[in-house]
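Student: Sequence isn't available, so here's the structure alone:
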């Protein structure tokens, strides 16, 4: 007897977007705008969008505000993942993680290598889980954000993805 697979329904998630930059404004935030358009195209919900300077305490404060908000399931950040003096997103966010998703950064760099070759080693893209909220920290270019979303994040935030996805593991959704 074969097991019949039933089709799952899409579950829209509330996603907060944080741009980390000392120079971007709402008018010039191409990466943040790109992320918002991608999450809306995927039929998720933009919960909130902010821009903060590349300061580890400002970054940590913004992300912390969202991880204690029970309405937020995912935080996407863009910027501050490079190796220059003020790039501090990994240092700001790592301490908040209950668990690190090592495969995100590793796979992102492997995919990016196909596009930008060895320049991918400059990316310190990371991901993890904090208080049941998934956090993905991406580089500051619109292209890198599109790559991370289209090749990795979008699929894992779709409950219909088989054999497994991150949505089915979200504690806040399992409790309802």
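Tutor: Received the coordinates, thanks. These numbers come from a predicted model, not from an experiment. Numbering: from 1, shown residues only.
Student: can you map out the strands along this structure?
Tutor: 14-20, 45-52, 74-78, 99-100, 126-130, 133-138 (DSSP state E).
Student: Output the below-cut-off pLDDT ranges for this protein.
Tutor: Where the chain drops to pLDDT under 70, the residues are 1-6, 172, 174-176.
Student: how about 50 then?
Tutor: Within the chain, the stretches with pLDDT under 50 are 1, 176.
Student: What segments of it are helices?
Tutor: Secondary structure of the chain (DSSP state H): helices at 30-41, 56-67, 89-94, 102-116, 142-148, 154-156, 171-174.
Student: Residue 9 is nearest to which of those helices?
Tutor: Closest of the helices of the chain to residue 9 is helix 171-174, at 12.6 Å (criterion: Cβ to Cβ). Every C-beta, even on glycine, is put in place using the N, C-alpha and C of the backbone.
Student: What distance do you get for residue 69 to residue 132?
Tutor: Note on residue 69: its distance to residue 132, by Cβ to Cβ, to the nearest Å, is 11 Å.
Student: Kindly report the same for residue 32.
Tutor: 24 Å.
Student: what does residue 119 give?
Tutor: Distance of residue 119 to residue 132, given as Cβ to Cβ: 34 Å.
Student: For these two, indicate the residue with more neighbours.
Tutor: Per other Cβ atoms under 10 Å, whichever of residue 119 and residue 132 has more neighbours is residue 132, with 17 against 10.
Student: was I right about that one contacting residue 169?
Tutor: No: look at residue 132 against residue 169 with Cβ atoms under 8 Å: they stay out of range, at 9.4 Å.
Student: who's the residue nearest the centre of the chain bridged to?
Tutor: For the chain, residue 136 is the residue whose C-alpha lies nearest the centre (Cα atoms, centre = their mean; 2.7 Å). Beta bridges link residue 136 to residue 76, residue 127 when assigned by DSSP bridges.
Student: how about it, what does it touch?
Tutor: 74-77, 104, 125, 127, 148, 153 (Cβ atoms under 8 Å, 6 or more residues apart in numbering).
Student: Also residue 40?
Tutor: By Cβ under 8 Å, 6+ apart, the contact set of residue 40 is residue 46.
Student: Check residue 106 too.
Tutor: For residue 106, no contacting residues are found, by Cβ under 8 Å, 6+ apart.
Student: hmm, back to that, tell me which of the helices of the chain approaches residue 49 most closely.
Tutor: Of those, nearest to residue 49 by Cβ to Cβ is helix 30-41, at 5.9 Å.
Student: For the closest residue to residue 91 other than its chain neighbours, give me its contacts.
Tutor: Leaving aside its sequence neighbours, residue 91 sits nearest to residue 56 (Cβ to Cβ, 6 or more residues apart in numbering; 5.4 Å). If you count contacts by Cβ under 8 Å, 6+ apart, residue 56 has them with 88, 91-92.
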